[in-house]
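okay, sequence plus prediction incoming.
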Amino acid sequence: MNKLLIIDDEKAICNSLKFAFEDKYKTYIAKDFPTVKKYISMYYFDIVLLDLKFGDIDGLEVLKYIKKDLGECQVIIMTAYSSIDSSIKAMKLGAWDYVLKPLSLDNLEMIIEKAIEYKNLSSRLQDMHNELSAIKSDKIIGKSKGIKDVFNLINKVKNVDVNVLITGESGTGKELVAREIHYNGKRKKERFEVVNCGAIPKNLIESELFGYEKGAFTGAVKARKGKFMLANRGTLFLDEIGEMDSKTQVKLLRIIQDKVVYPVGGEDGIKIDVRIIAATNRKLLEEIEKGNFREDLYYRLNVININMPSLRERIEDIPLLVEHFIKKYNQALNKNIKSISPEALKLLKAYNYKGNIRELENILERAIILTENEIIDVHDLPYQVIRDENIKIPDDKLIISIYDTFEVIEEKVIRKAIDKIGSKRKIAKILGISERTLWNKIKKYGI
């Protein structure tokens, strides 16, 4: 429910306006400036009705105070004919509109509704602007069977209001799937909010999700909307849901069932309409067996499961991904890399990606930054990709790059020597160091 603040020093006007709008808006009355400051510090207001003749205080100064603290709040000026010039000044200072006294409640209600509609539209346009670059630069790339299956499921669920659980290893692109569902579905004109459940401390996750009222805890100097309220009519993406603590799991389950959110420190529930998409790299059924995740919440979230295949399961997509990342970082880094050599691409296809697509992207970003040529070649790739078992070279040789640090080169030499020679005493003699020094370096590099 939107919050409405009525600022007027006439008790009768305040009471009549509260009576007219309290069923539709959560309504507050301020008949003096100290009360205005109190409410502005406590709550976020969507609409303010401000009388320009506010006792001995200049209504324009009150307007400046409100807009300074609540920039997105829509202020509607209530004024008499004699103060129309001041109303025009108020519009220049950021007021939404003005209405003449005596007030027409029907006309005022229409203006309030238009103000809220405009506010919501402006907020959504800003969100879309913020998301646009991410949507353009990052998308699901591939033609493998696993990715085709993912696209098929996305098309089936994008316009159906069911909860979706996206599973898969870290770096496989689970958030991209959530964005595809949202931005191609019927909720695409509304907000897409993201919460990383693993990145927020346990003592803050509830206030992040549900919001809080002023004074709910130390540091809560002002009320704040939570992600559920921000995502109302849109989509809330709960990333790393497997990291959520048991207490918050109980509250999340209740919200899914009742579709009502209670801000921390608040008594009144807020009705919401939010689609939930969750993601995890954990095996939740195993977490349920361990007592770390609620079984009832699992089945509430896992109405539809979309599993993202690892990059190791979709090797045929690597050339397409490489091409995509070269284009992306050419633009971001102002480079002009034309392509990748067949030998380098072969190594990328042979590599065992523990970090999946995120690791491949990191490898290519590094290569694009470091290479001085127009073609990414073998020597532009990091050691873990061009390790000995990935490329045929003589037994007594290894590949190093001029961009490798001395420590990286030293580690490569020791690993190669241990693999091919074995004897630590003999290796130490060949390298011209003591056995103790060799053992220290082996320990240092975790060999």
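Ah, there it is.

every contact and neighbour count from this point should use C-alpha atoms.
OK.

low-confidence ranges, this protein, go.
Counting by pLDDT under 70, the chain contains low-confidence residues at 71, 81-83, 123-138, 387-397, 399, 401-403.

residue nearest the centroid of it?
In the chain, the residue lying closest to the centroid (C-alpha atoms, centre = their mean) is residue 194, at 3.6 Å.

touching, that residue and residue 241? I think so.
No. Between residue 194 and residue 241 there is no contact under C-alpha atoms under 8 Å: 11.5 Å.

returning to what we had before: next up, the contacts around the residue nearest to the centre of the chain.
By C-alpha atoms under 8 Å, 6 or more residues apart in numbering, the residues touching residue 194 are 227, 236-239.

could you dump these into CSV and include neighbour count and secondary structure?
Shown next, in CSV, are the contacts of residue 194 (neighbours: other C-alpha atoms under 10 Å; DSSP: H, G, I helix; E, B strand; the rest coil):
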residue, neighbour count, secondary structure
227, 21, helix
236, 25, strand
237, 26, strand
238, 23, strand
239, 24, strand
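
just put those in a markdown table and tack on distance to residue 142.
Formatted as a markdown table, the contacts of residue 194 follow (distance: C-alpha to C-alpha, whole Å):
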| residue | distance to residue 142 |
| --- | --- |
| 227 | 32 |
| 236 | 26 |
| 237 | 23 |
| 238 | 25 |
| 239 | 23 |
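
I'd like the next helix or strand past the strand or helix carrying residue 113.
For residue 113, the host element (DSSP states H and E) is helix 105-137. Sequence-wise, the next helix or strand downstream of helix 105-137 (DSSP H and E) is helix 145-157.

and for that next one, what are the contacting residues?
142, 177, 180-181, 306-309, 313-314.

before we move on, the earlier item: with respect to residue 246, which of the contacts of residue 194 is nearest?
Checking the contacts of residue 194 against residue 246 by C-alpha to C-alpha gives residue 238 as the nearest, at 15.0 Å.

need the contact list for residue 98.
Neighbours of residue 98 in contact, by C-alpha under 8 Å, 6+ apart: 76-79, 87.

of those residues, grab the buried ones for PyMOL.
To isolate the buried members of these in PyMOL, using 16 or more other C-alpha atoms under 10 Å:
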select buried, resi 76+77+78+79+87
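
between the contacts of residue 98, which is nearest residue 374?
Among the contacts of residue 98, and counting by C-alpha to C-alpha, the member closest to residue 374 is residue 76, at 59.4 Å.

so that closest one bridges to which residues?
When assigned by DSSP bridges, residue 76 has beta-bridge partners residue 49, residue 97.

surely it is in contact with residue 96?
Yes. Residue 76 is within contact range of residue 96, at 5.6 Å (criterion: C-alpha under 8 Å).

next, the distance between the ends of stretch 206-214.
Start and end residues of stretch 206-214 are separated by 15 Å (C-alpha to C-alpha, to the nearest Å).

and that stretch, how far from the chain's centre?
Relative to the chain's own centre, stretch 206-214 is displaced by 17 Å; criterion: C-alpha atoms, centre = their mean, to the nearest Å.

ok, residues contacting that stretch?
Identification of contacts with stretch 206-214 by C-alpha under 8 Å, 6+ apart yields 42-43, 195, 220-229, 248, 261-266.

what pairs with the helix or strand that contains the residue nearest to the centre of the chain, parallel or antiparallel?
Taking DSSP H and E as the definition, residue 194 sits inside strand 192-196. Using DSSP bridges, the strands paired with strand 192-196 in its sheet are strand 235-239 (parallel).
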